[in-house]
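> what's the 3D shape of this:
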Amino acid sequence: MKPENVFLEGPARRVKIIDFGLVSDASDDATRLTTDGTIIGTPAYMAPERIASDATVDARADLFSLGVMLYELLARRLPFEGTSLVSMLAAISRGRPRPLGEVAADVPPDVAALVMRLIAHDPDDRPADAASVATELEAIEERLAADDT
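Numbers count the residues shown, from 1 in each chain. Predicted structure coming up:
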């Protein structure tokens, strides 16, 4: 996933994910590279396990991409930056972004913590699935609304 694949629909701005051009079996190692060795996908949003040749890729890779998009939205910069493809992939592989709370101090700490968990280097440190992310976001929204009253 990347920002270009997220569409806001209608007055309610309902989120839709579009362009599933690279959807494939996550366990198929052949999906990482083309036959000529070219990387498939947008490197800035690729989870570390998509870069590693021996890693298992599952749905948590999409949660990583979501976290990168949220970090970029809130901080106005990518969490992993590089001046070339190789340096970008190396930054993601190292997995040490600047904490969101330092880059965007106005982001509520609960939101910053969730985003940092989404972009955790180790998939086991990320939320288990999208449903748990949605549940956590709802709880954060309720806490923030209660704080405003």
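> Skipping adjacent residues, who's closest to Arg14 in space?
Leu8 (7.1 Å; Cβ to Cβ, 6 or more residues apart in numbering). Where you see a C-beta, it was placed from the backbone N, CA and C, and this is true even at glycine.
> Which strand residues bridge Val15?
Assessed by DSSP bridges, Val15 has beta-bridge partners Leu8.
> ok, back up a step: the residue nearest to Arg14 against Ile18, yeah?
No: look at Leu8 against Ile18 with Cβ atoms under 8 Å: they stay out of range, at 10.9 Å.
> so what's the residue nearest to Arg14 up against?
Residues counted as contacts of Leu8 (Cβ atoms under 8 Å, 6 or more residues apart in numbering) are Arg14, Val15, Lys16.
> do the same with Phe80
So Phe80 contacts Ala44, Val68, Met88, Ala91, Ile92, Pro97 (Cβ under 8 Å, 6+ apart).
> Pull out the buried residues from the host helix or strand of the fifth one.
Remark: Ile92 resides in helix 85-94, with elements defined by DSSP states H and E. Neighbour-count burial for helix 85-94, counted by 16 or more other Cβ atoms under 10 Å, picks out Met88, Leu89, Ala91, Ile92.
> For the third one, which non-adjacent residue is closest in space?
When the adjacent residues along the chain are set aside, Ala91 lies closest to Phe80, with 4.1 Å between them (Cβ to Cβ, 6+ apart).
> How about the first one?
Of all residues beyond its chain neighbours, the one nearest Met88 is Gly82 (3.4 Å), with distances taken as Cβ to Cβ, 6+ apart.
> Before we go further, the one you found is sitting in a helix, right?
No: read with DSSP: H, G, I helix; E, B strand; the rest coil, Gly82 is coil and lies in no helix.
> Count the neighbours of it for me.
15 (other Cβ atoms under 10 Å).
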